[in-house]
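Undergrad: next one to model:
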Amino acid sequence: KAEGKGETQSGEAQAELGPKVEKIMNHPFYRYGEWGYLEVDPANGHTVRSLGPAERLYIPGSSTKLFSVSATLDDLGFDHRFKTPVYAQGRVKNGTLRGNLVLVASGDLTMGGRTTPKGTVAYTPVDHTYANDVPGATLTPENPLAGLDEIARQVRKSGIRRVDGNVVIDDRLFDPPPADDPDPNLDPWPSPITINDNVIDVEVTPGKVGEAPKVVKWRPQISPYHLDVQAKTVPAGKPTTLSVNTESQGRIVVSGDLAAISVGASPTGKNPSSKLPKKGSYSSKDRVAAYVSPPYSQYAKLILKVSHNYGANLNVCLMAVKAGSTDCNDAFPVMKKFFENAGVDVEQVALADGRGGNPTDRFTPKAATDLLLYWLKQPQAETFREMLPELGVNGSLAKDCKDCPARGKVFAKTGTVALPDFVNGRLIEAESLGGYLEAEPGRYHVFYLVVNGASVQNIDEALQVFNDLSEIAAILQEDASHQGGGSHSDQH
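TA: Model (predicted):
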């Protein structure tokens, strides 16, 4: 029996959500699972509908980003811009710098690689960072080296045509993971400098059966690497098993030099950090370039729309830096203070990263709805809501509910955790969805929906669980709309 004020037995509570929702929840996927749901009307703070204890800690997956991104928005500010400067260390004579160029990494998530002509940050429904795990990943059209190209143009404009030295990256903004920790809490551990999400994209077009692929494209194309394609085309209907091996040095990226400035040193090898001056000792008179990012709100939108794991963990490190530390874990007290100020019971939140991939990560439906209620009271309420995936329209919810009445009326962050069960050869999944349901034009209910312990056989069934939560949210939005935005008579 579910515990807590106003709760009913599980079957009865499911029935209260309606027969369509009950049918989905009774699917064999959820035979051993546990559901949780909480929907609150901000007009009076009353519970509209609920299922399961509102104060139980559930495994959330990537809906954790609601918490980490919210804290970063509060800490850095919606309008914060990252400035990545470049300094000339040495003398310039006849266009030649006898010394080093030093790029000081600022924690810029995209370095211009997704910036559109309008100054926004581009994204697709399934981000390229998921290409190895989720079908349907696509690339944004922007040049992933745009920020570096802009820096190169500025350096050249400053009068430098050749660097008789090296290009050094000052990556001392925050610490790398501890060398003695084989399993750090932030996974992936971010870097102070990020180009194309620190991945290389490979696109392959099939050729004739039995032959090599017809077209192979990759980006970014940077020297001096090359791609060694050993794949072959198989008949339609057979599985695609492409993989990319990054173990062999120099076998991923195409050769060729795209830089606007010639550099005497080799483009490969370790970063010569021993050549860096004392941290923070750079003189403004030596600055020869600087790349300025779009506002942080654009990065927050990217992270929430596509569930950008790397970016969410980078947020943690950026909050630590803002607090004056190079230890990324010093961000968690900053997050705790924000949650307290936002009216969230911090005992109902447990976090060890920013993305929702750490086994520690848990929070309750009440904590989630309290956080969502906080943003409704802020001047940026609409901006925050529109950062979330929009059902049937964009982000990770773009492909669901394309023609249903709830299209464009559910704004919610998704979350997925699917781990292998080696005893039974299956996946055990947690799935969540939290955000806003449009109860009537201009009025929204906050909600959090979660299931833990779903049992599926493969990635296709895991995606069906994802779709089930989207369908439930659509059903509940339609019901809220039919009720005219008002709470049910049995609310408490």
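
Undergrad: could you use CA atoms for every contact and neighbour count after this?
TA: OK.

Undergrad: okay, now the unreliable bits of this structure?
TA: 1-15, 214-215, 223-226, 237, 240-262, 484-492 (pLDDT under 70).

Undergrad: what sits up against the longest helix seen in it?
TA: Using DSSP state H to define each element, the chain has its longest helix at helix 459-482. With contacts defined as CA atoms under 8 Å, 6 or more residues apart in numbering, helix 459-482 is touched by 17, 20-21, 24, 29, 134, 391, 397, 400-401, 404-407, 409-410, 416, 418, 427, 429, 431-433, 437-440, 449, 454, 456, 486.

Undergrad: make a ChimeraX selection of whichever of these turn out to be buried.
TA: Selection of the buried residues among the contacts of helix 459-482 in ChimeraX, burial being defined by 16 or more other CA atoms under 10 Å:
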select :17,21,24,29,391,397,400,401,406,407,409,410,416,418,427,429,431,432,433,437,438,439,440,449,454,456,486
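
Undergrad: centroid residue for this structure?
TA: Among the residues of the chain, the one closest to the centroid is His308, at 1.5 Å (CA atoms, centre = their mean).

Undergrad: tell me which element the nearest residue to that residue once chain neighbours are set aside falls in.
TA: Ranked by CA to CA, 6 or more residues apart in numbering and with sequence neighbours excluded, the top spatial neighbour of His308 is Leu302, at 7.0 Å. Per DSSP states H and E, Leu302 falls inside helix 296-306.

Undergrad: and that helix, C-alpha only, in CSV?
TA: The C-alpha coordinates for helix 296-306 follow below in CSV (Å, rounded to 0.1, in the frame of the first residue of the first chain):
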residue,chain,number,x,y,z
TYR,A,296,24.6,30.9,-20.9
SER,A,297,20.8,30.6,-21.2
GLN,A,298,21.4,29.2,-24.7
TYR,A,299,23.7,26.5,-23.3
ALA,A,300,21.1,25.7,-20.6
LYS,A,301,18.5,25.2,-23.4
LEU,A,302,20.9,22.9,-25.3
ILE,A,303,21.6,20.8,-22.2
LEU,A,304,17.9,20.5,-21.3
LYS,A,305,16.6,20.0,-24.9
VAL,A,306,18.9,17.2,-25.9
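
Undergrad: how far does that helix sit from its chain's centre?
TA: Distance of helix 296-306 from its chain centroid, counting by CA atoms, centre = their mean, to the nearest Å, is 7 Å.

Undergrad: do stretch 331-350 as well
TA: Counting by CA atoms, centre = their mean, stretch 331-350 comes out at 20 Å from the chain centroid.

Undergrad: what of stretch 146-157?
TA: 27 Å.

Undergrad: list the buried residues in stretch 30-43.
TA: Applying a neighbour-count criterion of 16+ other CA under 10 Å, one finds 30, 33-42 buried in stretch 30-43.

Undergrad: repeat that for stretch 158-178.
TA: Result for stretch 158-178 [16+ other CA under 10 Å]: buried residues 160-175, 177.

Undergrad: what about it, how long is it end to end?
TA: From its first residue to its last, stretch 158-178 covers 39 Å (CA to CA, to the nearest Å).

Undergrad: so what touches it?
TA: The contact list for stretch 158-178 (CA under 8 Å, 6+ apart) reads 92, 95-107, 184, 189, 191-193, 261-265, 271-273, 275-276, 279, 288-289, 317, 321, 325-328.

Undergrad: switch to 7 Å and redo it
TA: Defining contact as CA atoms under 7 Å, 6 or more residues apart in numbering, one finds that stretch 158-178 is touched by 95-106, 184, 189, 192-193, 261-265, 271-273, 276, 288, 317, 321, 326-328.

Undergrad: in strands only, show me those residues.
TA: Mapping these onto strands (DSSP state E) picks out 96-104, 262-263, 288.

Undergrad: name the element Val40 belongs to?
TA: Per DSSP H and E, Val40 falls inside strand 34-41.

Undergrad: by contact count, what packs against the following helix or strand past that strand?
TA: Going down the chain from strand 34-41, the next helix or strand is strand 46-51, by DSSP H and E. Judged by 3 or more CA pairs under 7 Å, 6 or more residues apart in numbering; DSSP states H and E, strand 46-51 is in contact with strand 34-41.

Undergrad: can you give me the angle the strand it packs on makes with strand 46-51?
TA: Angle, strand 34-41 to strand 46-51, by axes from the mean of the first three to the mean of the last three CA atoms, to 10 degrees: 170 degrees.

Undergrad: just to check, the residue nearest to His308 is in contact with Thr124?
TA: No - counting by CA atoms under 7 Å, Leu302 does not reach Thr124; the two are 9.3 Å apart.

Undergrad: and the two? Which one has more around it.
TA: Leu302 (26 against 19; other CA atoms under 10 Å).

Undergrad: quick one: contacts for that one?
TA: Contact analysis of Leu302 by CA under 7 Å, 6+ apart lists 121, 123, 308.

Undergrad: and Gly435, by the same measure?
TA: Gly435 is in contact with 372, 411-413, 446-448, counting by CA under 7 Å, 6+ apart.

Undergrad: over to Ser50?
TA: With CA under 7 Å, 6+ apart, Ser50 has these contacts: 37-39.

Undergrad: and for Val446, nearest residue in space, chain neighbours not counted?
TA: Spatial nearest neighbour of Val446, chain neighbours left out: Tyr436 (4.6 Å); criterion: CA to CA, 6+ apart.

Undergrad: ok but that neighbour is inside a strand, no?
TA: Yes - checked against DSSP: H, G, I helix; E, B strand; the rest coil, Tyr436 lies within a strand.

Undergrad: touching, it and Tyr444? I think so.
TA: Yes - taking contacts as CA under 7 Å, Tyr436 lies within contact range of Tyr444: 5.8 Å.

Undergrad: between those two, who's got more neighbours?
TA: In this view Tyr436 and Tyr444 are compared by other CA under 10 Å, and Tyr436 has more residues nearby, 28 against 25.

Undergrad: ok, residues contacting stretch 318-328?
TA: Contact with stretch 318-328 is made by 72, 75, 173-175, 316-317, 329-331, as judged by CA under 7 Å, 6+ apart.

Undergrad: if we use 8 Å, what do you get?
TA: Contacts to stretch 318-328, defined as CA under 8 Å, 6+ apart, come from residues 72, 75-76, 107, 173-175, 316-317, 329-331, 334.

Undergrad: swap in stretch 179-192?
TA: With CA under 8 Å, 6+ apart, stretch 179-192 has contacts from 105-108, 171-174, 176-178, 309-311, 313-314, 317, 352-354, 357-358.

Undergrad: SS state for Gln221?
TA: Per three-state DSSP, Gln221 ends up coil.

Undergrad: quick check: phi and psi on it?
TA: The phi/psi pair for Gln221 (degrees, to the nearest 10) reads phi -90, psi 110.

Undergrad: any idea how far it lies from Asp149?
TA: To Asp149, Gln221 is 13 Å away according to CA to CA.

Undergrad: could I get the contacting residues of the closest residue to Tyr291 other than its chain neighbours?
TA: In space, and not counting its chain neighbours, Tyr291 is closest to Thr84: 5.0 Å by CA to CA, 6+ apart. Contacts for Thr84 (CA under 8 Å, 6+ apart) come out as 103-106, 108, 290-292.
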